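>>> sequence below, structure please.
(chains A and B)
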Amino acid sequence: DVKVTQSSRYLVKRTGEKVFLECVQDMDHENMFWYRQDPGLGLRLIYFSYDVKMKEKGDIPEGYSVSREKKERFSLILESASTNQTSMYLCASSLSLPGLLEKLFFGSGTQLSVL
Amino acid sequence: AQTVTQSQPEMSVQEAETVTLSCTYDTSESDYYLFWYKQPPSRQMILVIRQEAYKQQNATENRFSVNFQKAAKSFSLKISDSQLGDAAMYFCAYRVTGNQFYFGTGTSLTVIP
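Numbers count the residues shown, from 1 in each chain, chains lettered A, B, ... in the order given. Modelled structure (predicted):
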């Protein structure tokens, strides 16, 4: 089975801190994604990457950056954490296959609280 | 804009009964795929069922089936013989060309014993 691992299940940080959320997948997937999940808003795409060192902005990239130095690892960076970034963060990965049927594989999420 | 609407924030169903979760979407693309994901309390999102837009036949996976109405841009999920383990948040999503998925706001399903 594909495994997508997020380094922390719960994280508490202070306003202004630099925060790193790590995600690792073990199935050689080309595509990796970072979503933010908030009640009543569903999942919103922050950034995605379709190859090493490649990244694309999603719907809400402001205040975030990403890094993909190796194929299996996709990091989300909050340069200066703010209270409005308190949220559940979900990492996902998928293969790049012809057609669009390929599904997303998700990690278990990181609940980030910024105080 | 690509949007997915789940108009039922919460639903409940009696164990062993049938429940339908609604989903509508808006896209100008002709080629796309539709998905239902389940997020139980463990937070691990799991794919429930998927449907190719070009297929007229509705997808089924055991107790889960969809009612896909392409002209109406509707993609509802039917859960038959509901079980306690079906209790979760359900997200409707679709994918068009490119790698991006678009998700709805979710429906929280409670199963009553």
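
>>> from here on, just use CA atoms for contacts and neighbour counts.
Noted.

>>> report the contact partners of A:Ile60.
A:Arg44, A:Leu45, A:Ile46, A:Tyr47 (CA atoms under 8 Å, 6 or more residues apart in numbering or on different chains).

>>> buried ones among those?
Buried members of the contacts of A:Ile60, scored by 16 or more other CA atoms under 10 Å in any protein chain shown, are A:Arg44, A:Leu45, A:Ile46, A:Tyr47.

>>> and those residues, which of them are in strands?
In strands, defined here by DSSP state E, the members of these are A:Arg44, A:Leu45, A:Ile46, A:Tyr47.

>>> closest one to chain B out of the residues you listed, please.
Using CA to the nearest CA, the shortest approach to chain B within those belongs to A:Arg44, at 7.3 Å.

>>> for the closest one, give the beta-bridge partners.
A:Arg36 (DSSP bridges).

>>> ok, B:Ser65 next?
Here B:Ser65 shows beta-bridge partners B:Thr60, B:Lys78, assigned using DSSP bridges.

>>> state the pLDDT value of it.
B:Ser65 is assigned a pLDDT of 97 by the prediction.

>>> for B:Tyr32, same thing?
Listed pLDDT for B:Tyr32 reads 86.

>>> wait, it touches B:Arg95, no?
Yes: the criterion here is CA atoms under 8 Å, and B:Tyr32 meets it with B:Arg95 at 5.6 Å.

>>> more neighbours: these two, which one.
Just comparing B:Tyr32 and B:Arg95: by other CA atoms under 10 Å in any protein chain shown the higher neighbour count belongs to B:Arg95, 23 against 18.

>>> gap between the residue sitting nearest the centre point of chain A and A:Glu102?
Compute the mean C-alpha point of chain A, and by CA atoms, centre = their mean the closest residue is A:Trp34, 2.5 Å away. From A:Trp34 across to A:Glu102, the span is 17 Å (CA to CA, to the nearest Å).

>>> who's in contact with the closest residue to B:Ser22 other than its chain neighbours?
Nearest residue to B:Ser22, sequence neighbours excluded (CA to CA, 6 or more residues apart in numbering or on different chains): B:Ser76, at 4.4 Å. Shown in contact with B:Ser76 (CA under 8 Å, 6+ apart): B:Thr20, B:Leu21, B:Ser22, B:Cys23, B:Thr24, B:Val66, B:Asn67, B:Phe68.

>>> around chain B, pick out the residues from chain A.
Along chain A, the residues adjacent to chain B under the rule CA under 8 Å from any CA of the partner chain are A:31, A:39-44, A:50, A:100-101, A:103-109.

>>> so which of the residues you listed sit within strands?
Short answer: these in strands (DSSP E) are A:Asn31, A:Gly42, A:Leu43, A:Arg44, A:Phe105, A:Phe106.
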